[in-house]
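Asks: What follows is a predicted protein model with its sequence.
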Amino acid sequence: MKKKIIIGTRKSKLALIYAKIAKKKILKIKSKFGITSVEIKKITTKGDVVQNRRISDIGGKGLFTKKIEYELLSKKIDIAIHALKDIPSAESKKLSVNCFLKRNDPRDVLISRDKKKFQNLPKNSVIGTSSFRREFQLKRIRNDLTYKLIRGNVDTRIKKLKNKLYDAIILSYAGLKSLKMLNSISQVFSLSEIVPSAGQGVIALQCRKNDNKIIKLLKVINHLQTEKCANAERDVLKVLEGDCETPVGVNAKIKNKKLTLSVELFSLDGKKRFYLKSSKKLNLATLIGKELGEKIKKRSKYLYKKKR
């Protein structure tokens, strides 16, 4: 094992918090693997630079991961840190996402300028979101509001809200909790109101597939329950060939030795909704994501994808 381990991450405040959590976990077991130090390398991705257009218009989900993965493949870093929801469903063949830190709360939240709840927002209020999924889910609750694109990190989005460019914005609970900004939340949506994005609230660690020493290291800090949920959710995405434009929510929960998976999929225009839920005993749940993905894919008649 190398004496110095280099972790690659985006430069955002939130990404650096995730990297520091991973670094702390690795330092706790460093003597087992002969590690003397762990360094964090900040990497600027295209997604961090271009913040005025939809992600789908400038290259898709890989915008936040490609540059970091390049550094990993070039052996300039040993481990890459990602928010799991940012990793494309079609993963790099030479890299492995094989370590998941314990999941944070996956729910979505509302932040409004005057702390109004979603149901109490005035008609035609402007709601900021960068996600078709969130937009379509919220339109089912209230279609008398205006949904408008918002990009940028958490601080940037809240600043836009304060500057009255929006009346409310939708963010993830996990990000706000990590940034110690929970007091800014106006409302937390239940998992039945809004099924979150696959992998939301999960920090994923990625390494080279042939780096057996790092793989062994990551296995020690991996959170098994989170891994099972994350894999089930991502299996749905892989079946759907999901990308950043795919309006789909996927959430897995483990309770009483059972894994329950919920999938909510919309047509590209948001007018048709498809929902499936399934539970299996944990020891039999390996294929639940693929099975549910195939079922909802068939039921939707591919209305969630652009015609080629």
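Replies: Sure thing, it's come through. Numbers count the residues shown, from 1 in each chain.
Asks: so G175 sits in a helix?
Replies: Yes. Assigned with DSSP: H, G, I helix; E, B strand; the rest coil, G175 falls within a helix.
Asks: tell me the contacts of it?
Replies: Going by CB atoms under 8 Å, 6 or more residues apart in numbering, G175 touches 14, 154. Bear in mind the C-beta positions are built from the backbone N, C-alpha and C, glycine included.
Asks: how near is it to I221?
Replies: The gap separating G175 from I221 is 21 Å, by CB to CB, to the nearest Å.
Asks: try P88
Replies: Applying CB to CB to P88 and I221 gives a distance of 24 Å.
Asks: Check the secondary structure at L303 for me.
Replies: Strictly by three-state DSSP, L303 counts as coil.
Asks: okay but it is in contact with S267, surely?
Replies: Yes. With contact defined as CB atoms under 8 Å, L303 and S267 form a contacting pair (3.8 Å).
Asks: Can you read off the pLDDT for F64?
Replies: For F64, the pLDDT comes out at 76.
Asks: Could you report the neighbour count for it?
Replies: 24 (other CB atoms under 10 Å).
Asks: show me the contacts for L179.
Replies: Per CB under 8 Å, 6+ apart, neighbours of L179: 13-14, 17, 154.
Asks: State the pair within these that is farthest apart.
Replies: Across these, no pair lies farther apart than I17 and V154, at 10.8 Å, counting by CB to CB.
Asks: if we can go back for a sec, output the contacts of L179 in TSV; the columns should cover neighbour count, distance to N104 and secondary structure.
Replies: Output for the contacts of L179, formatted as TSV (neighbours: other CB atoms under 10 Å; distance: CB to CB, whole Å; DSSP: H, G, I helix; E, B strand; the rest coil):
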residue	neighbour count	distance to N104	secondary structure
K13	13	16	helix
L14	19	11	helix
I17	15	11	helix
V154	20	14	helix
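Asks: Pull the contacting residues for R133.
Replies: 197, 246-249, 266.
Asks: please redo it, this time with the cut-off set to 7 Å
Replies: Applying CB atoms under 7 Å, 6 or more residues apart in numbering, we find R133 in contact with 197, 247-249.
Asks: before we move on, what about S184?
Replies: So S184 contacts 111, 158, 176 (CB under 7 Å, 6+ apart).
Asks: before we move on, the earlier item: among the contacts of R133, which are in helices?
Replies: Per DSSP state H, helices hold no members of these.
Asks: now the residues you listed in CSV, with neighbour count?
Replies: As requested, the contacts of R133 are exported to CSV (neighbours: other CB atoms under 10 Å):
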residue, neighbour count
S197, 26
P247, 21
V248, 25
G249, 26
